[in-house]
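Fold the following for me, if possible:
(chains A, B, C and D)
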Number of protein chains: 2
Amino acid sequence: MDLRHLRYFVAVAEEENIGRAATRLHISQPPLTRQIQQLEEELGVALFIRTPRGMELTQAGELFLEEARNIRALVEQATERTQRAGQGKLGRLDIAIFGSAILDLIPKLLLNFRNRHPDVKVVLHTMTKAEQIEAVRQRRISVGFNRMLEPLDDIVIKQVATEGLLVALHDDHPLARQSVIRFAELKDHPMILFPTGARPSFIDKVIGLCIENGFQPQISQEVGDAVTGVALVASGFGICLVPESATTLQFPGVTYRRLTDPPPNLLVDLSCIYRKGDQSPILAAFLRTVDDYQSAQPGAPKT
Amino acid sequence: MDLRHLRYFVAVAEEENIGRAATRLHISQPPLTRQIQQLEEELGVALFIRTPRGMELTQAGELFLEEARNIRALVEQATERTQRAGQGKLGRLDIAIFGSAILDLIPKLLLNFRNRHPDVKVVLHTMTKAEQIEAVRQRRISVGFNRMLEPLDDIVIKQVATEGLLVALHDDHPLARQSVIRFAELKDHPMILFPTGARPSFIDKVIGLCIENGFQPQISQEVGDAVTGVALVASGFGICLVPESATTLQFPGVTYRRLTDPPPNLLVDLSCIYRKGDQSPILAAFLRTVDDYQSAQPGAPKT
DNA sequence: TGAGATCATACCTAAGGAGTATCGAGAAGG
DNA sequence: CCTTCTCGATACTCCTTAGGTATGATCTCA
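A predicted model of the protein is given here:
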């Protein structure tokens, strides 16, 4: 049996007349007669009763008509859904984020993407950098977001944004009286550092900056992520260097101050990674969303 | 697209290797390659990623695999169900019966039929003789049961059984003391007759017999069916001639007596009618059940 | 009885599915 | 590092079979 047989059968059943059905199918009558005979022979069942006035469905034929319509609808739906999936409009996208970096940019990106592709299910996973790389390799996730990534053979790193560094201070902290602060002034103030774990990371950036400015940081506490760090600032544990996006966190008693040093050194990146050679149309659509978002932003990227 | 495409696609998806899939499908590798390409081209979607080790489904491919399996299962189910319908094992059978003649034989026939064809839905309709003939012509019913049918061009009459006549009497009735009764003895005893309405019918048979035996029946009451007639006998309205099968009705105060006259005249038929040329396999199966039932009965048919 | 439908049959053409042979690209192994 | 193996893709041929035209067989209806 063939989908053609079903199409022809439905036409004949609806027209109750082979000639008219043939016209409707844009073929001539004899081949249609033969296709119907063939179908009946294959099923071993009479689907029609031939009358002098045309073709009349048998009971079995009526049943088969229902089924045939069902099948044809299912086929149509399958092609349509598959095409949508092929255009990245239907399916699932697994994204990994790190600790607390979900602060500003990433929620906006996700929102954009979901508006454009409402039928793609976005699943978020929290992973460390090493876990993300492993998960991308094993295809458990399609995209991972992280900072300070180092080049790898099988993984593409796409810079999404660069952010400046701010100092988070308690309102009562002496430096909080200054509207701007030079990095060197941070010397001797107890400092909260993050994240613990995977190297190289934001923590190394901060320590490096301290050494460049001629001092060893006085470590008050090491914590897992920016949220915890800022929470400790609120409790008076010390100061904490954070990326700009952390200002979304408004803790009572915490103020953020800009650093006056020339920016090149004071920038930290946010990038995403994905498997080199990944052809997934959903990934492609997501990366397109990222690009579009960047070009819509004024102070943004360097692709 | 074609069911062949689906079959091939599923095989390749399952084997993850065109060569192996081709072997499984009993074709060679190149045509399979082309069919898959064709399918992808028609859908406008890459279903597989070609790797040096074989074929790997894309996300769209995975979706399409599900759909394809669905469709194939549905096709299989459709052919199977249609074949069963063609053998009269699946579907619906509309049967008409008259008034109260459902007394003995018909329930047994229906029970037999339902045991053999559990997936055929039997729908019973109560109709008069004329309604049955009309309904058979219009195909609202497939079979009708009735008595004393007269030949028609477009309808087949199949005799199902012949039954003798009995007299239903009240226990107190003088004739009830005799173990057997001659028909002529019924003279002058008030008689309940049925059915009213459509002619010719059982009532005419009874009146005919009275006249043959030299008397006009003394009509006490005309009623619609045997059940009502016997109920009136119980209430002392008179005697009532009924077919044998009415003995299933056991009313308090009612006894049945055999008539001693030679039988040929005292027989009444039960027949079924169906449309001449009706090819329905369900009808055929039902008629087969009737035949089998008759040949299983000792004192039965004359086909 | 003849005209008009309707489905079935006979025969031809050509589209396309399947086969064989072969290529090209990676992966594996000495 | 080069050979060999595996896998999918391509080129070309063959033959099945869907579709076309012409015609036949029935039945209805005027």
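
Against A:Arg92, how distant is whichever residue of the stretch 201-303 of chain A sits closest to DNA strand D?
Ranked by C-beta to the nearest atom of the strand, the top residue of the stretch 201-303 of chain A for proximity to DNA strand D is A:Gln279, at 13.4 Å. All C-beta atoms are positioned from the backbone trio N, CA, C, and that covers glycine. Distance, A:Gln279 to A:Arg92, using C-beta to C-beta, to the nearest Å: 16 Å.

now swap in A:Ser28 and tell me
48 Å.

Report the central residue of chain A.
The centroid of chain A falls nearest to A:Leu93 when counting by C-alpha atoms, centre = their mean (4.7 Å).

show me the contacts for A:Glu42.
Applying C-beta atoms under 8 Å, 6 or more residues apart in numbering or on different chains, we find A:Glu42 in contact with A:Met1.

Next, give phi and psi for it.
According to degrees, to the nearest 10, the main-chain angles of A:Glu42 amount to phi -60, psi -40.

I'd like to know how far it sits from B:Val167.
Taking C-beta to C-beta, one finds A:Glu42 at 61 Å from B:Val167.

And for A:Phe9?
Distance from A:Phe9 to B:Val167, by C-beta to C-beta: 60 Å.

quick one: low-confidence parts of the stretch 151-300 of chain A?
A:198, A:263-264, A:298-300 (pLDDT under 70).

near DNA strand C, which residues of it show up?
By C-beta under 7 Å from any atom of the strand, no residue of the stretch 151-300 of chain A approaches DNA strand C.

For the stretch 151-300 of chain A, just list every one of the helices.
A:202-212, A:226-234, A:281-296 (DSSP state H, counting those that start in this stretch).

Who are the packing partners of the shortest one?
Which is helix A:226-234. Contacts defined by 3 or more C-beta pairs under 8 Å, 6 or more residues apart in numbering or on different chains; DSSP states H and E place helix A:226-234 against strand A:155-170, strand A:191-193, strand A:239-243, strand A:254-259.

could the ones you listed go into JSON lines alongside mean neighbour count?
JSON lines is the format used below for these (neighbours: other C-beta atoms under 10 Å in any protein chain shown):
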{"stretch": "strand A:155-170", "mean neighbour count": "19"}
{"stretch": "strand A:191-193", "mean neighbour count": "23"}
{"stretch": "strand A:239-243", "mean neighbour count": "26"}
{"stretch": "strand A:254-259", "mean neighbour count": "18"}
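
Tabulate the ones you listed (CSV), appending distance to DNA strand D.
As requested, those are exported to CSV (distance: least, C-beta to the nearest atom of the strand, whole Å):
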stretch, distance to DNA strand D
strand A:155-170, 24
strand A:191-193, 46
strand A:239-243, 45
strand A:254-259, 51
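
how about those strands, which one is nearest chain B?
strand A:155-170 (16.8 Å; C-beta to the nearest C-beta).

helices or strands up against that closest one?
So strand A:155-170, by 3+ C-beta pairs under 8 Å, 6+ apart, packs with helix A:105-116, helix A:129-137, helix A:226-234, strand A:239-243, strand A:254-259, strand A:267-275, helix A:281-296.

What average pLDDT does the first one get?
In this model, helix A:105-116 has a mean pLDDT of 91.

continuing past that helix, what's the next helix or strand?
Downstream of helix A:105-116, the next assigned helix or strand under DSSP states H and E is strand A:120-126.

what residues does that following strand touch?
Contacts for strand A:120-126 (C-beta under 8 Å, 6+ apart): A:88-99, A:110, A:113-114, A:135, A:141, A:282, A:285.

now the angle from that strand to helix A:129-137?
150 degrees (axes from the mean of the first three to the mean of the last three C-alpha atoms, to 10 degrees).

who does strand A:120-126 pair up with?
According to DSSP bridges, strand A:120-126 has the following sheet partners: strand A:91-97 (parallel).

Please work out the average pLDDT along the partner strand.
Here the average pLDDT along strand A:91-97 is 92.

Can you give me the buried ones in it?
Applying a neighbour-count criterion of 16 or more other C-beta atoms under 10 Å in any protein chain shown, the buried positions in strand A:91-97 are A:91, A:93-97.
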